[in-house]
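Q: just the structure for this:
(one chain, ligands or ions: 2)
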Amino acid sequence: MSEAKVVDKNAGGLRGQVAGQTSICTVGKAGSGLTYRGYEIEELAEKATFEEVAYLLLYGKLPTQAELDNYKQRLRSLRALPSALKSALELIPANAHPMDVMRTGCSILGTLEPEETFEQQHTVADRLLATFPGILCYWYRFVTYGQRIDGYTPEESLAGHFLHMLHDKAPNEKHKRCMDASLVLYAEHEFNASTFTARVCSATLSDFYSCITGAIGSLRGPLHGGANEAAMALIEKFHNAEEATTGLKAMLERKDKIMGFGHAVYSKYDPRNATIKAWSKTLSEDVGGQNLYAISEAVEKVMWDEKKLFPNLDFYSASAYHFMGIPTPLFTPIFVMSRITGWAAHVMEQRGNNKLIRPSAEYIGPESRPYVTIDKR
Ligand SMILES: CC(=O)SCCNC(=O)CCNC(=O)[C@H](O)C(C)(C)COP(=O)(O)OP(=O)(O)OC[C@H]1O[C@@H](n2cnc3c(N)ncnc32)[C@H](O)[C@@H]1OP(=O)(O)O
Ligand SMILES: O=C([O-])CC(=O)C(=O)O
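A: Ligands and ions are numbered 1, 2, ... in the order given. Alright, predicted model coming up:
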């Protein structure tokens, strides 16, 4: 079972310190690993769809069948991008990082459809959830193939809609189910760096888009969401499992950080890993990717044997996405498409019982001293 690490409060990074209250999620609580509004992640990943989980996070309860049908219909009706947003996306260079596209797309939508009052917060959250796949795919297909996609697909689920737009063809059932499970796993994780960013911004009573734009910026880094992309680059460095074992040991000797391993809260394992690892294995067999999967397992073994570090959600998400033919730079934006639900729930929770977040710093600079005029320096 996961349990919280014993932490030195002076070690930095606010590890283990309670920075607020939430009723959305528990992470690393002894005996229950990860729960969204009280439901275990393993059960949600197996039995719930992403739209159900989005509803759970945003509206506080699991939907009835009628509520879910309405919600899915509503999200479908919100998919189309405004033409001004499409024009702006066309101006973003082909060599821009796709996370910058997500950040910019979110920000531009905020200028076109601003949140005038907090009463619109659910509308804005649903709109961002419905449009993020289109924002990414519109830009990607424009800069890669010179195509202007209309963003319409007959796919009911957000997972299917994304894969269909990306590859310009109906995805197979397995890929839709894997993507759906991945979106469920990534949806929410308490006070992680990006969510905390969103809450700090929300606590100033700023608008919804600013909170989400800031969160995307925090997610982009390789110590957080960017690790799935970095993990893929690592796996692809090796030709086979033996080479991975030797190469990893050398990297650890050099004290390199291995992206996709370790966690700020979990100390023994990431409860989301088993689900995505199983998907990665299944998909590897479908596309003849067993060698790449074996390399991943070799990396995992060395990390555990040498450092007692375990794969976090990002590690096997990388190969699972790869086996679905998704280009590596698009990995972290998929995290955005999912985590928008958790971020939005936290922005709303913060607004519901707000206090400006403003901690203090321990001063370690020079003692008080007289000002020296410029001619005397
Ligand atoms: C979905 C997500 O966002 S999950 C997180 C994704 N991020 C990554 O995968 C990036 C790689 N991992 C890491 O950098 C870290 O494990 C973090 C940032 C996730 C958590 O870090 P923390 O709990 O703060 O641990 P910290 O960074 O202090 O590391 C503790 C020790 O373990 C080592 N360590 C931790 N993670 C790793 C790693 N991935 N590779 C190599 N060594 C590691 C550190 O070097 C440190 O060693 P030391 O005590 O000899 O200096
Ligand atoms: O909780 C964290 O620090 C990082 C993480 O796993 C997530 O955001 O999913």
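
Q: spell out which residues of this structure are next to ligand 1.
A: Neighbours of ligand 1 within the chain, by CB under 6 Å from any ligand atom: 13, 223-225, 227, 257-264, 307, 309, 312-314. In short, each C-beta sits where N, CA and C put it, glycine included.

Q: in helices, which of those residues fall?
A: 227, 307, 313-314 (DSSP state H).

Q: out of these, which are buried?
A: Among these, the ones that count as buried by 16 or more other CB atoms under 10 Å are 227, 313-314.

Q: give me every residue that touches residue 189.
A: 25, 27, 34, 195, 339, 342 (CB atoms under 8 Å, 6 or more residues apart in numbering).

Q: what residue in the stretch 201-350 of the chain comes nearest to ligand 1?
A: Nearest residue of the stretch 201-350 of the chain to ligand 1, counting by CB to the nearest ligand atom: residue 262, 2.3 Å away.

Q: separation between the closest residue to that residue other than its chain neighbours and ligand 2?
A: Leaving aside its chain neighbours, residue 262 sits nearest to residue 309 (4.8 Å; criterion: CB to CB, 6 or more residues apart in numbering). Using CB to the nearest ligand atom, to the nearest Å, residue 309 is found at 14 Å from ligand 2.

Q: next: residue 328.
A: Residue 328 sits 19 Å away from ligand 2, going by CB to the nearest ligand atom.

Q: before we move on, what about residue 290?
A: Distance from residue 290 to ligand 2, counting by CB to the nearest ligand atom: 28 Å.

Q: roughly how far does that residue sit from residue 282?
A: Residue 290 sits 11 Å away from residue 282, taking CB to CB, to the nearest Å as the criterion.

Q: coming back round to it: same list, the ones in helices among the residues of the chain next to ligand 1, but only the ones touching ligand 2.
A: Within the set of these, contact with ligand 2 (CB under 6 Å from any ligand atom) is found for residue 313.

Q: of the ones in helices among the residues of the chain next to ligand 1, closest to residue 72?
A: residue 313 (25.0 Å; CB to CB).

Q: wait, a strand at residue 26?
A: Yes. With DSSP: H, G, I helix; E, B strand; the rest coil as the criterion, residue 26 is part of a strand.

Q: now it. Nearest residue, chain neighbours left out?
A: With CB to CB, 6+ apart as the measure, residue 35 is the residue that lies nearest to residue 26, at 4.8 Å, once sequence neighbours are left out.

Q: got a list of what the one you found touches?
A: 25-26, 29, 41.

Q: let's have these in JSON lines, adding distance to residue 251.
A: What follows is the contacts of residue 35, written out as JSON lines (distance: CB to CB, whole Å):
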{"residue": "25", "distance to residue 251": "33"}
{"residue": "26", "distance to residue 251": "34"}
{"residue": "29", "distance to residue 251": "33"}
{"residue": "41", "distance to residue 251": "30"}
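
Q: top of the residues you listed by neighbour count?
A: Among the contacts of residue 35, residue 41 has the most neighbours (other CB atoms under 10 Å), with 27 neighbours.

Q: and the nearest residue to it once chain neighbours are set aside, which of the three is it?
A: Spatial nearest neighbour of residue 41, excluding adjacent residues (CB to CB, 6+ apart): residue 34 at 4.2 Å. Reduced to three states with three-state DSSP, the structure at residue 34 is strand.

Q: phi first, then psi, for the most centrally placed residue in the chain.
A: In the chain, the centroid-proximal residue (CA atoms, centre = their mean) is residue 335; its distance is 2.8 Å. When read as degrees, to the nearest 10, the backbone of residue 335 gives phi -60, psi -40.

Q: please give me every residue in contact with it.
A: Applying CB under 8 Å, 6+ apart, we find residue 335 in contact with 186, 219, 225, 228.

Q: pretty sure the first one is touching residue 313, no?
A: Put plainly, it is residue 186. Yes. Judged on CB atoms under 8 Å, residue 186 makes contact with residue 313 at a distance of 6.8 Å.

Q: the helices in the stretch 101-250 of the chain, which residues?
A: Taking DSSP state H, counting those that start in this stretch to define them, one finds helices in the stretch 101-250 of the chain at 121-145, 158-167, 173-186, 193-203, 208-219, 227-236, 241-253.

Q: circling back: just give me the least confident of the contacts of residue 35.
A: Minimum pLDDT across these is recorded for residue 29, with 81.

Q: now for the chain, the helix or strand with the poorest mean pLDDT.
A: Within the chain, no helix or strand scores below strand 25-29, which has a mean of 91 by mean pLDDT, DSSP states H and E.

Q: coming back round to it: surely the residue nearest to residue 41 is in contact with residue 43?
A: No. Applying CB under 8 Å, one finds residue 34 not in contact with residue 43, separated by 10.8 Å.

Q: can you list residues touching both of these two?
A: With CB under 8 Å, 6+ apart as the test, residue 34 and residue 43 reach no residue in common.

Q: so between those two, which is more surrounded?
A: residue 34 (26 against 10).

Q: got the contact list for the more buried one?
A: By CB under 8 Å, 6+ apart, the contact list for residue 34 reads 2, 25-28, 40-41, 189, 271-272.
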